[in-house]
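> Below are the sequence and a predicted model for it; my questions follow.
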Amino acid sequence: MKAILLNIIFFSFFGMLFVNSVQAKSTQTNGSQVSTNSEDSGGMIDKSLQKNLDSKINFILNHKPAVAMPDFKAKKLNITVSIQPLAYFVKGIAGESASYDVLVPKNKNAETFEPNFSTMESLQNADLFIGVDMPFEKVWLPRVIHNNDIKTLILDTPIGLQNMPHIWLSAKNAKRIAYVIYQELSKLEPSNEPYFKYNLALTLARLDIVDKKMEAMLKTMPKKSFVTYHSSFNNIADDYGLDEISLQTHGKSYGMSKIIKISKEAKALGIKRVLAELEDANTDIKVLAKNIGAKVVTIDPLSSDYEANLLHIADEISKSYQP
């Protein structure tokens, strides 16, 4: 317990060192990386890496797995993930060969989450931590991970989306996430690689169906713009050629002038529904919705029912012009 207390005391200090090192690394780019637009988070897209991943994914999708599931070793990996949607990938790919914990409980805001003692203690027993670069991952976790020699997989850079938020809210990104988790698990337990690959093929097939269903839903939209409170769905917009109009962009402040500007734009487009995350359904988005004669639809981006939630989000976006 004393060791844990010392960890907590020094988390903020060492967390800031970690953030600085991440920021320093993020300035290193190559010719295959391109900046996102100015309304985005300032992240980088590595098109070359994504193309390479997509090629490997398509190969697996076009070659059916073996009829019989390969055996796996009885020893279980202990895997900790930061948010509920990431548990989907661990269950899908690691299957019975791993146990998992989720740091952010259901119905908690991952952006403002602060882990407690029991959360940190469970993390100390992990063989692998998988995260998406949430604020608490940068501030609270580095010292525990370093002191306990826990392998870490932060998913944004490995799938070609350095410093990009909400990367799991995309079926196309989900396939890339599945592949890099398969790679990491295979490094940890090489003898179980055939088992992981078999499960990967099944997971990719399910996600590919979700991807195609989302595309079909979003093609029905009479116009390509949709309105949100928080810019959570920019990856979906990029995937399917849509335009996300958001009131709050990655935590940046806004004023009444932006509410008025978006109200005019949305009213001219004929928007009838605006999206908000569960904790974001505040006065401002309600004012905006009232100004344009629309209703607020709440979405949970951290739902544990991952495939169904992606389809639900696409369905709600597709109904943006329906009363």
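Nice, I can see it. The structure displayed is predicted, hence computed values, not measured ones. Numbering: from 1, shown residues only.

> can we go C-alpha only for contacts and neighbour counts from here?
Fine.

> Contacts only, for the residue nearest to Leu155 when sequence neighbours are not counted.
Excluding its sequence neighbours, the residue lying closest to Leu155 (Cα to Cα, 6 or more residues apart in numbering) is Val132, at 5.4 Å. Contact analysis of Val132 by Cα atoms under 8 Å, 6 or more residues apart in numbering lists 82, 154-156, 165-167.

> any idea which of the residues you listed is closest to Pro70?
Leu155 (26.8 Å; Cα to Cα).

> Ile130 is in contact with the closest one, correct?
Yes: counting by Cα atoms under 8 Å, Leu155 touches Ile130, with 7.3 Å between them.

> Which stretches in the stretch 51-200 of the chain count as strands?
77-81, 98-102, 128-131, 151-154, 161-162 (DSSP state E, counting those that start in this stretch).

> repeat for the stretch 201-323 of the chain
With DSSP E, counting those that start in this stretch as the criterion, the stretch 201-323 of the chain has strands at 225-230, 243-248, 273-277, 295-299.

> Quick one: those as a markdown table, columns for mean pLDDT too.
Listed next are the strands of the stretch 201-323 of the chain as a markdown table, based on pLDDT from 0 to 100:
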| stretch | mean pLDDT |
| --- | --- |
| strand 225-230 | 94 |
| strand 243-248 | 92 |
| strand 273-277 | 92 |
| strand 295-299 | 93 |
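
> want to throw those strands into a markdown table with mean neighbour count and distance to Arg176?
Converted to a markdown table, the strands of the stretch 201-323 of the chain look like this (neighbours: other Cα atoms under 10 Å; distance: least, Cα to Cα, whole Å):
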| stretch | mean neighbour count | distance to Arg176 |
| --- | --- | --- |
| strand 225-230 | 24 | 24 |
| strand 243-248 | 21 | 22 |
| strand 273-277 | 25 | 24 |
| strand 295-299 | 18 | 23 |
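
> Mind checking the ones you listed for the one nearest to Thr119?
strand 273-277 (24.8 Å).

> what's the closest one in contact with?
226-230, 285, 289, 294-301, 316-317, 319-323.

> what sits up against stretch 173-184?
Outside stretch 173-184, the residues touching it (Cα under 8 Å, 6+ apart) are 50, 53-54, 57, 89-90, 93-94, 153, 155, 158-159, 167-168, 196-197, 200, 203-204, 207-208.

> which ones among those residues are found in helices?
Counting by DSSP state H, these place 50, 53-54, 57, 89, 196-197, 200, 203-204, 207-208 in helices.

> quick revisit: of the strands of the stretch 51-200 of the chain, give the one that comes closest to Ile260.
Using Cα to Cα, the strands of the stretch 51-200 of the chain put strand 161-162 closest to Ile260, at 31.9 Å.

> so what secondary structure elements neighbour the closest one?
strand 44-46 (3 or more Cα pairs under 8 Å, 6 or more residues apart in numbering; DSSP states H and E).
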